[in-house]
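# sequence unknown, structure follows:
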């Protein structure tokens, strides 16, 4: 069972020059990953357009996600959001001085 | 989109005389729920025996989960664990004076 347990807030990577994605568990139609950001945001042009639904939560730090329709959501510790498949979005801001730790659950219907 | 966002640490129930289960999102083979405990634990006899896999994380507080094979796991903030279907387990302890907030993801393979 050892490899199936861990701590979301531990083993944070030392080098966060890029966002770090770690898969925590995977099923056939389903994946949970941890994302660690530090001041990262999406490129100014273009949108994420994902085939799967994503339920995303910020567990530490803070972030902003913008949607193609002009909405912007500010996420702080504990905030969660469901992003349906093909809802175009981008990360416009994450805390620059501290890590932002996300939990992202990708799933089909 | 309003109903699809929220905060895991907010809207904690005032009456926690029983554990509180709140469904955050659901798919066809998949469910995420928040559980709020405060000193609760499973009955001394009997085990949880679930048909689905469960990925569970403690986000606040602390808890202990025991398994039929004698193993006991101590979970603190950030700890996560995958409990495969039909792995018999029980919650033996949660923090009595403060809320323990869990995130539980139930999924088929």
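Nice, I can see it. These numbers come from a predicted model, not from an experiment. Residues are numbered from 1 along each chain as shown, chains lettered A, B, ... in the order given.
# chain center to stretch A:8-19: distance?
In this view, stretch A:8-19 has its centroid 13 Å away from the chain centroid, taken as C-alpha atoms, centre = their mean, to the nearest Å.
# no no, stretch A:87-94
In this view, stretch A:87-94 has its centroid 10 Å away from the chain centroid, taken as C-alpha atoms, centre = their mean.
# how about that stretch, does it reach chain B?
No: using C-beta under 8 Å from any C-beta of the partner chain, we find that stretch A:87-94 stays clear of chain B, coming within 8.6 Å at best. Just so you know, the C-beta spots here come from the backbone N, C-alpha and C atoms, and that holds for glycine as well.
# which intervals of chain A have sub-threshold pLDDT?
A:1-3 (pLDDT under 70).
# who in it is up against chain B?
Applying the criterion C-beta under 8 Å from any C-beta, the portion of chain A that neighbours chain B consists of A:1, A:4-10, A:24-25, A:27-30, A:32, A:53, A:55, A:57, A:59, A:71, A:73, A:76-82, A:103, A:105, A:107-109.
# Now the buried members of those residues.
Listed as buried from the residues of chain A next to chain B are A:6, A:8-9, A:24-25, A:27, A:29-30, A:32, A:53, A:55, A:57, A:59, A:73, A:77-82, A:103, A:105, A:107; burial here means 16 or more other C-beta atoms under 10 Å in any protein chain shown.
# Show me those residues that map onto strands.
Counting by DSSP state E, the members of those that fall within strands are A:6, A:24-25, A:27, A:30, A:32, A:53, A:55, A:57, A:59, A:73, A:79-82, A:103, A:105, A:107.
# for chain A, which residue is closest to the average position?
For chain A, the residue sitting closest to the mean C-alpha position, by C-alpha atoms, centre = their mean, is residue A:102 at 4.5 Å.
# so which helix or strand takes in the residue nearest to that residue when sequence neighbours are not counted?
Distances taken as C-beta to C-beta, 6 or more residues apart in numbering or on different chains put residue A:35 closest to residue A:102, at 4.1 Å, once the chain neighbours are dropped. Using DSSP states H and E, the secondary-structure element containing residue A:35 is strand A:30-37.
# any residues touching that strand, and which ones?
Contacts of strand A:30-37 from elsewhere in the structure, counted by C-beta atoms under 8 Å, 6 or more residues apart in numbering or on different chains, are A:8, A:12-13, A:16, A:19-26, A:61, A:63, A:91, A:94-95, A:99-108, B:29-30, B:55, B:105, B:107.
# could you give the angle of it to strand B:30-37?
Relative orientation of strand A:30-37 and strand B:30-37, computed by axes from the mean of the first three to the mean of the last three C-alpha atoms, to 10 degrees: 60 degrees.
# Please find the angle between the direction vectors of strand A:30-37 and strand B:53-60.
30 degrees.
# Partner strands of strand A:30-37, with direction?
Pairing partners of strand A:30-37, with direction, according to DSSP bridges: strand A:20-27 (antiparallel), strand A:100-107 (antiparallel).
# Any chance of those in CSV with distance to residue A:45 as columns?
Shown next, in CSV, are the strands paired with strand A:30-37 (distance: least, C-beta to C-beta, whole Å):
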stretch, distance to residue A:45
strand A:20-27, 22
strand A:100-107, 22
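# closest to residue A:67 out of those?
Set against residue A:67 and scored by C-beta to C-beta, the strands paired with strand A:30-37 come closest in strand A:100-107, at 16.4 Å.
# now what about the closest one, what contacts it?
So strand A:100-107 is contacted by A:8-9, A:12, A:29-38, A:50, A:52-63, A:94, B:27, B:30, B:32, B:57, B:103, B:105, B:107 (C-beta under 8 Å, 6+ apart).
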